[in-house]
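> Okay, here's the prediction I keep looking at, along with the sequence it came from:
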Amino acid sequence: MPEAVQVVSDPVLWDVVVEHLDEAEYACSQWRAALDSPAYTLHDLARGPEELLFAHVDGLVLSGSAVVEHVLKPELEQPSEPRQARVLAAALALLAHGRQDVVGQALWSDIPEVAAGAQHAFVLGAPPSFEAWLLQKLEQDLAQRERRVLLGIAAGRGLAVGNVLLSLQTADDEEVRAAACIARTADARRHLPALEFLTSHPTAKVRDAALVSALVHGSSFAFQRCLELASDGETCHGLPMLLVALLGAQHHHELLLHQLSRTSHRSAALFALGYTGSTSVATSLLQHVASEDETTARLAGEAFSVITGLDTSVDPYLKVTGEPGENEEGLPPLQDDDLDASLVPIVEQGLPLPNPEALDAFWRVRAPTVDGRQRLLLGEPWMMGSALAALSGAQLRRRHAVALWLLIRSAGAAWIDTRTWSARQGLQLEAAGRLSHHALVRVFG
């Protein structure tokens with residue numbers, strides 16, 4: 001968020017203020033949807049939804065302090081139609097006004113959209129002084145709800161909280177999940193046993209957070225758990241499948257190819273296979289690019305593109321059907337009333353529908369020139385430099401997995417938060433760019 005701007009004392013134009021809030025709400029929804037876009041890049045995010053959002057938040061600040069009492073506070077205290085995107089917009093404006101107290105009170109609202117919007121605002125827009133207060137607060141004896149919320153904010157901001165897992169004997173799932181995320185920055189000698197225990201947690205979100213943190217700490221046990229979960233024939237486990245793709249060797253990738261035979265597992269397996277970097281997998285994907293099922297074909301084409309670097313959204317690699325999907329360009333439809341709603345099915349509809357004959361012809365020429373022992377990311381040898389290039393310029397949907405690979409392989413030294421402001425991500429990318437390829441110390445496959 002930009003710094004708070006100077007407030008003017010001119011009479012308030014209330015219609016303009018409400019329009020600023022409406023537009024800020026819309027921009028929040030656009031920004032959240034863009035984070036999983038198959039079309040937007042980080043530059044597009046900054047120059048599109050973010051720029052729009054910041055402009056309207058500035059408008060709410062410039063309108064004066066009366067706006068706080070008459071427009072912004074009511075959205076957090078007595079909203080007529082609670083919507084998380086609107087609460088987030090109002091809370092960001094309140095933080096820019098310096099009214100951390102109002103947003104802080106909203107954290108404990110009984111209205112779920114208000115509490116979630118306020119929490120997200122603190123993750124994104126809290127001033128630097130807030131972090132010191134948060135860390136000090138987490139050292140105190142807190143009620144369960146208060147601890148859960150504050151741990152969630154700390155996890156979202158990537159803060160190190162200390163011996164967080166060791167004191168959660170009576171915690172609920174969300175507390176444990178947040179603590180497991182935080183534990184990746186903590187002392188492995190003290191926290192790794194607890195993390196490895198949590199890799200069998202019955203709640204998938206807790207288990208997945210524990211898997212990632214344990215892998216950051218170099219746990220071979222956690223990688224074995226990923227293999228077990230990824231090969232489960234009854235239940236599809238998307239993140240473990242992705243982790244096997246990112247960290248496993250070619251013989252591990254065979255289990256992902258095997259899951260393509262299961263309808264319930266196919267979409268997750270296709271997405272994961274793009275991050276194997278394997279030329280043999282790229283060859284196997286071509287049969288699924290030709291599938292009559294459009295979702296399968298789109299996902300297979302995306303996976304092929306992630307490996308080879310081929311742009312399947314342009315002629316002749318894009319299949320022309322005469323009825324292009326409404327979302328093949330730009331953002332998926334907005335989920336205005338639920339920022340946490342799953343966008344995956346909608347995003348899949350917006351992926352390019354590939355031309356199987358053109359992809360096959362391309363690969364017949366390209367494949368013999370590639371060293372099959374070399375993992376590829378967007379057609380380049382997968383190393384630190386190519387990963388950072390992808391994080392700087394690839395479509396936003398593809399960046400989450402690359403950032404996960406970099407986080408684990410660097411033992412937490414390189415953390416790119418792909419769901420925060422683009423400027424903050426830029427600073428994180430600069431810091432990661434100062435690391436050498438030798439920083440990739442974690443090897444599992």
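Everything's here; your move.
> What segments of the chain are strands?
With DSSP state E as the criterion, the chain has strands at 376-377, 380-381.
> Just say which of those is most tucked in.
Of the strands of the chain, the one with the most neighbours on average (mean count of other CB atoms under 10 Å) is strand 376-377, at a mean of 23. For the C-beta atoms, the positions are set from N, CA and C on the backbone; glycine is no exception.
> contacts for that one?
277-279, 282, 306-309, 370, 382, 386-387, 390, 402 (CB atoms under 8 Å, 6 or more residues apart in numbering).
> Please identify which two of those are farthest apart in space.
Farthest pair in these (CB to CB) is 370 and 402. Separation: 19.6 Å.
> what about these two, which has more around it?
residue 402 (24 against 16; other CB atoms under 10 Å).
> Any chance of JSON lines for the strands of the chain, columns mean pLDDT?
Shown next, in JSON lines, are these (pLDDT from 0 to 100):
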{"stretch": "strand 376-377", "mean pLDDT": "98"}
{"stretch": "strand 380-381", "mean pLDDT": "97"}
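> so where's the stretch 51-200 of the chain uncertain?
Within the stretch 51-200 of the chain, not a single segment meets pLDDT under 70.
> Please go through this structure and pick out the longest helix.
helix 14-34 (DSSP state H).
> Return the list of helices and strands in contact with that helix.
helix 42-45, helix 51-62, helix 84-96 (3 or more CB pairs under 8 Å, 6 or more residues apart in numbering; DSSP states H and E).
> Now render those helices as CSV, adding distance to residue 238 and mean neighbour count.
Output for the helices and strands packed on helix 14-34, formatted as CSV (distance: least, CB to CB, whole Å; neighbours: other CB atoms under 10 Å):
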stretch, distance to residue 238, mean neighbour count
helix 42-45, 24, 17
helix 51-62, 29, 20
helix 84-96, 24, 28
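> if we can go back for a sec, for the strands of the chain, which one sits closest to residue 411?
strand 376-377 (19.8 Å).
> Can you give the distance from the closest one to the centre of its chain?
20 Å (CA atoms, centre = their mean, to the nearest Å).
> and the gap between the residue nearest to residue 18 when sequence neighbours are not counted and residue 109?
In this structure, residue 18 finds its nearest non-sequential neighbour in residue 71, 6.9 Å apart by CB to CB, 6 or more residues apart in numbering. To residue 109, residue 71 is 17 Å away according to CB to CB, to the nearest Å.
> Looking at the contacts of strand 376-377, state which has the most neighbours.
residue 306 (28 neighbours).
> ok, the nearest residue to that residue once chain neighbours are set aside - contacts?
Leaving aside its sequence neighbours, residue 306 sits nearest to residue 274 (CB to CB, 6+ apart; 3.5 Å). By CB under 8 Å, 6+ apart, the contact list for residue 274 reads 245, 302-307, 398, 401.
> Kindly recompute the last result at 10 Å.
242, 245, 281-282, 285, 299-308, 377-378, 398, 401 (CB atoms under 10 Å, 6 or more residues apart in numbering).
> cool, residue 235 as well?
204, 229, 264-265.
> out of these, which are buried?
Among the contacts of residue 235, those scoring as buried are 204, 229, 265 (criterion: 16 or more other CB atoms under 10 Å).
> Would you mind giving these as CSV with distance to residue 437 added?
Listed next are the buried ones among the contacts of residue 235 as CSV, based on distance: CB to CB, whole Å:
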residue, distance to residue 437
204, 33
229, 30
265, 34
